[in-house]
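[1] make a model of this:
(4 chains)
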Protein chains: 2
Amino acid sequence: MPRRPDFNGRTLREACLDEAVAIIAESGIESLSLRDVARRLGVSHQAPYKHFPSRDHLLAEVVRSAFDTFAAHLDARPRGATAEADLAALGQAYLAYALAHPLAYRLMFGTRLPDVAAHPAMLHSARHAFALLREALGRMRAEQGARPEPGAMELDALFIWTSLHGLASALQTSAMATLALPPAVLAATLSHTLQRIGAALTAPVPQA
Amino acid sequence: MPRRPDFNGRTLREACLDEAVAIIAESGIESLSLRDVARRLGVSHQAPYKHFPSRDHLLAEVVRSAFDTFAAHLDARPRGATAEADLAALGQAYLAYALAHPLAYRLMFGTRLPDVAAHPAMLHSARHAFALLREALGRMRAEQGARPEPGAMELDALFIWTSLHGLASALQTSAMATLALPPAVLAATLSHTLQRIGAALTAPVPQA
DNA sequence: CGTGCAAAGTTGACAACGTCAACATTTGAA
DNA sequence: TTCAAATGTTGACGTTGTCAACTTTGCACG
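    This is a model prediction of the structure:
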């Protein structure tokens, strides 16, 4: 490759990705511009175009990276002894990550990407995260001696995910801010939600 | 007021709002531009500025209108005989509206509005919708003979809302599309989620 | 050891956007 | 009748994404 790629030891491509993440962290996704990335790296406004066909491709890369980090975080959760404890740990890891990295979370699940089909690699790790959940649930069901009804399993996995996602996403919603909830309620919301999800799962499985 | 306001019987202000909704429905929130609104109405690109200080103010108006319609839809739900049935009807009305009007739903809960504090009227109806939920839950608890523990009530109301919102929001997520869920599962998801929420609520209230 | 070619970066241009400023027109109220 | 505020227009500026054409670089190959 011509031209020594040396942006603090990284390729311009990598430097662009890092800078994009920094900009998003500072001022949000909507104000991310390729020109700003280039400006902050001290290169011309067209340099990033040699590495990303468009702004959306850069953004898709950032999202993919966020999914990777997220899935790795879920993988690295403290494994519980029982499958039930493991599922709880998975839920806690999910919510903890969403609250600790709200920008990354919004990036993954709250952003409308303009052409998902054009960026297939982006959502690969998303499938991985859901597979983790399905497996943990399957182990718990097996531990409980329940026969693995695939349809109900899928539905319950979806229920768990959407409930977790709902909490994580609602906590960042503008609408939530106006509810004027007491801080004590907010603090208790996490464990309460996990408790309620657990209660829902221990209820008898509907007519399969 | 000078200059006959006649844009098909509406003020330019109203016409702008209608046109904005139409544009959002056609091509999404992000591609809404004041200039496009003006162009489609056959006025100059500065005309809308006489009625909206900025693009964000126009958008805030649209969001406020969406919240109003949404709250009205919840209010108009078929009231069940028992409080429990009413709560179920509320959940069904919520999900039905979210699925029938995905754009409006994303507009309300999926859009990062740039300065919420600057548009206080926008989220008034959001509070109203949550109050509806809290009331319905309170009636059900009273019907069950449970003493009204305000903290736990609030937590359960939040749980219900976040679960509903999670499903409604996840169904529109790009990530969901890649899970490649069988259509039968998707179709059953709604009632299953409502069932699970109900199961979680009939479980004993945690140590208050 | 030269040499050329493709990768990588630069410069310039264009259209579209939000928004500021200055101007023109209209109409309700004085 | 007149006048001032409301309403709409024209023009401009800085920003953005992106296309096109140019220049520079350094590895591969004769």
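[2] what about chain A, any weak spots by pLDDT?
    By pLDDT under 70, the low-scoring segments of chain A are A:1-5, A:114-115, A:148, A:205-208.
[3] residue of it with the smallest distance to chain B?
    Closest approach between chain A and chain B, counting by CB to the nearest CB: A:Gly166, at 2.1 Å. To be clear about C-beta, it is placed using only N, CA and C from the backbone, and glycine gets the same treatment.
[4] count the neighbours of that residue for me.
    For A:Gly166, the count of nearby residues is 25 (other CB atoms under 10 Å in any protein chain shown).
[5] make sure it is indeed in a helix.
    Yes. Counting by DSSP: H, G, I helix; E, B strand; the rest coil, A:Gly166 is found in a helix.
[6] tell me the contacts of it?
    Going by CB atoms under 8 Å, 6 or more residues apart in numbering or on different chains, A:Gly166 touches B:Trp161, B:Thr162, B:Ser163, B:Leu164, B:His165, B:Gly166, B:Leu167, B:Ser169, B:Ala170.
[7] so the first one sits against B:Arg134, correct?
    The reference is to B:Trp161. No. If you go by CB atoms under 8 Å, B:Trp161 and B:Arg134 don't touch, sitting 9.3 Å apart.
[8] show me where chain A has helices.
    A:12-27, A:34-41, A:55-75, A:83-100, A:102-105, A:124-143, A:150-170, A:174-177, A:183-202 (DSSP state H).
[9] the second one: how far from the chain's middle?
    Going back to what we said before, that points to helix A:34-41. 26 Å (CA atoms, centre = their mean, to the nearest Å).
[10] if we can go back for a sec, which residue packs closest to the residue of chain A closest to chain B, ignoring adjacent ones?
    Distances taken as CB to CB, 6 or more residues apart in numbering or on different chains put B:Gly166 closest to A:Gly166, at 2.1 Å, once the chain neighbours are dropped.
[11] ok, the one you found to A:Leu194 distance?
    Look at B:Gly166 and A:Leu194: by CB to CB, to the nearest Å, they are 13 Å apart.
[12] again, but for A:Pro150
    From A:Pro150 over to A:Leu194 (counting by CB to CB), the distance is 25 Å.
[13] so these two - more neighbours on which side?
    A:Leu194 (21 against 12).
[14] for the nearest residue to the more buried one once chain neighbours are set aside, what are its contacts?
    What sits nearest to A:Leu194 in space, not counting adjacent residues and going by CB to CB, 6+ apart, is A:Gly91, at 5.2 Å. By CB under 8 Å, 6+ apart, the residues touching A:Gly91 are A:Ile160, A:Leu164, A:Leu194, A:Ile197.
[15] what about the residue nearest to A:Ala60 when sequence neighbours are not counted, how many neighbours?
    Spatially, and ignoring its direct neighbours in sequence, A:Ala60 is nearest to A:His119 (3.9 Å; CB to CB, 6+ apart). Using other CB under 10 Å, A:His119 has 18 neighbouring residues.
[16] repeat for A:Gln195
    Neighbours of A:Gln195 (other CB under 10 Å): 17.
[17] do you know how far it is from A:Thr178?
    26 Å.
[18] now do A:Ser44
    Note on A:Ser44: its distance to A:Thr178, by CB to CB, is 44 Å.
[19] now do A:Leu41
    39 Å.
[20] now that A:Ala88 has come up, it's in contact with A:Gly80, right?
    Yes. Taking CB under 8 Å as the definition, A:Ala88 is a contact partner of A:Gly80 at 6.7 Å.
[21] quick check, the residue nearest to A:Ala60 in contact with A:His57.
    Yes. The pair A:His119 / A:His57 is scored as a contact, 7.3 Å apart, by CB under 8 Å.
[22] and the nearest residue to A:Leu137 once chain neighbours are set aside, how many residues sit next to it?
    Of all residues not flanking A:Leu137 in the chain, A:Ala157 sits nearest, at 5.2 Å (CB to CB, 6+ apart). A:Ala157 has 22 neighbouring residues, counting by other CB under 10 Å.
[23] the one 5 residues further on now?
    The burial count assigned to A:Thr162 is 26, neighbours taken as other CB under 10 Å.
[24] show me the residues around it that make contact.
    B:Ser163, B:Gly166, B:Leu167, B:Ser169, B:Ala170, B:Thr193.
[25] any idea how far it is from B:His57?
    Taking CB to CB, one finds A:Thr162 at 33 Å from B:His57.
[26] distance of the residue lying closest to A:Leu201 once chain neighbours are set aside from DNA strand C?
    With CB to CB, 6+ apart as the criterion, A:Leu201 has its nearest non-adjacent residue at 6.3 Å, and that residue is A:Asp156. As for A:Asp156, its distance to DNA strand C is 44 Å (criterion: CB to the nearest atom of the strand, to the nearest Å).
[27] for A:Asp156, give me its contacts.
    Counted by CB under 8 Å, 6+ apart, A:Asp156 has contacts A:Leu137, A:Leu201, A:Val205, B:His192, B:Arg196.
[28] same check on A:Cys16?
    A:Val37, A:Leu41, A:Pro48, A:His51, A:Phe52, A:Leu58.
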